[in-house]
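In: Here's a sequence, model it:
(one chain, ligands or ions: 1)
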Amino acid sequence: MTAIANVTVLGTGVLGSQIAYQTAFSGFDVVAYDISDDALEAAKERFAGLARTYVAERVAGADDASVDAALARITLSADLGEAVANADLVIEAVPEQLALKQATYEKLAALAPERTIFATNSSTLLPSDLAPFTGRADRFLALHFANRVWAHNTAEVMGTDATDPAVYATVVDFAGKIGMVPIEIKKEKAGYLLNSLLVPFLSAAGELLVDGIAEPDAIDKTWRIGTGAPMGPFQIYDIVGLTTAYNISKAGGPKQQAFADLIKEHYIDQGKLGVATGEGFYTYPKA
Ligand code: NAD
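Out: Predicted coordinates:
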């Protein structure tokens, strides 16, 4: 099994910054790459914010010294060649656009050492959509994190038919070492495990509302009391954000599209986007 010591994360947005910070917090040296100095300035603020969050949310082992030590293990770079020159593993978290990701892998393939493993954090693309652009299909797979990686610490590991089982095992091992619970997925599946379960569940809830069967509160209460789950589907919609819910529903069948229209008219158009804006299906106290 290849030992992973140096990790490079491409993209320092919402997820990339969390992956980079969690990896550094777990003791690895990390290079965080983004496309411009402005993006890296924003990254610095994200990392400092994550350090504060780890202390505030009492992440295991987080204190003033350990969160600063994690910051010190992160090197920022806007030069792709320099960023990957010493990487054992590159985790890609650039925007969810197929052409952009493919172009990124083409550049990366030419610049990274042969030994480097590439992993995509893509939520909706399959690794086989990207593998031909990596120049190393055997050393490429998906490593998919959930938002707020320190708390929602699953890492879904999904290869293609071409992924070398030893590379897969290395990445599963690495995921465990950075405090994730590695979830091994045996075959490619759009939506991985979590969204394969969550999206139909949320759609069913949306359908009950669109059909006028019950109100969100009644649907959520039924799910919570009946299963012991902490949240019902409309509470989850508010956390995911109603813009994302709209985009996913709009691409679905007629019932889903009717639900998308309902969300738009009654919530999005009124600036009610969920927890992030303080109001969605429910209202939330100001942070
Ligand atoms: P984001 O828009 O917050 O961040 C993207 C970052 O990539 C930005 O900092 C941007 O400057 C940078 N970038 C743009 N072009 C680039 C390039 N060519 N090379 C390197 N960096 C570039 O996006 P995000 O929400 O962090 O999503 C990134 C990936 O993570 C996507 O594939 C998404 O599907 C996946 N993901 C997101 C979430 C989520 O909840 N946001 C959860 C799981 C997985």
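In: If we ignore the residues flanking it in sequence, what's nearest F28?
Out: In this structure, F28 finds its nearest non-sequential neighbour in V7, 5.2 Å apart by Cβ to Cβ, 6 or more residues apart in numbering. Just so you know, the C-beta spots here come from the backbone N, C-alpha and C atoms, and that holds for glycine as well.
In: sorry, that was for P216
Out: F234 (3.8 Å).
In: if I pick the residue nearest to F28, what's in contact with it?
Out: Taking Cβ atoms under 8 Å, 6 or more residues apart in numbering as the criterion, V7 is in contact with A20, T23, F28, D29, V30, V31, A87, D88, L89, V90, I91.
In: Just the element for L143, please.
Out: L143 belongs to strand 140-145 when assigned by DSSP states H and E.
In: now swap in V9 and tell me
Out: Here V9 sits within strand 6-10, counting by DSSP H and E.
In: ok, that strand near the ligand or not?
Out: Yes. Contact between strand 6-10 and the ligand, assessed by Cβ under 6 Å from any ligand atom, occurs at L10.
In: Please pull up the helix or strand immediately following that strand.
Out: Using DSSP H and E, the helix or strand that follows strand 6-10 towards the C-terminus is helix 14-25.
In: now that following helix, how far from the centre of its chain.
Out: Counting by Cα atoms, centre = their mean, to the nearest Å, helix 14-25 is centred 10 Å from the centre of its parent chain.
In: Can you name every helix or strand that that helix contacts?
Out: strand 6-10, strand 29-33, helix 37-56, helix 64-72, strand 74-77, strand 89-92, strand 140-145 (3 or more Cβ pairs under 8 Å, 6 or more residues apart in numbering; DSSP states H and E).
In: Run through who's touching the fourth one.
Out: Contacts of helix 64-72 from elsewhere in the structure, counted by Cβ under 8 Å, 6+ apart, are Y21, A24, F25, F47, A48, A51, R52, Y54, V55.
In: Tell me the buried residues in the helix or strand bottoming out on mean pLDDT in the chain?
Out: The weakest-scoring helix or strand in the chain, judged by mean pLDDT, DSSP states H and E, is helix 242-250 (a mean of 91). Judged by neighbour count (16 or more other Cβ atoms under 10 Å), helix 242-250 contains these buried residues: L242, A245, Y246, I248, S249.
In: Having no further points to raise, I will conclude here.
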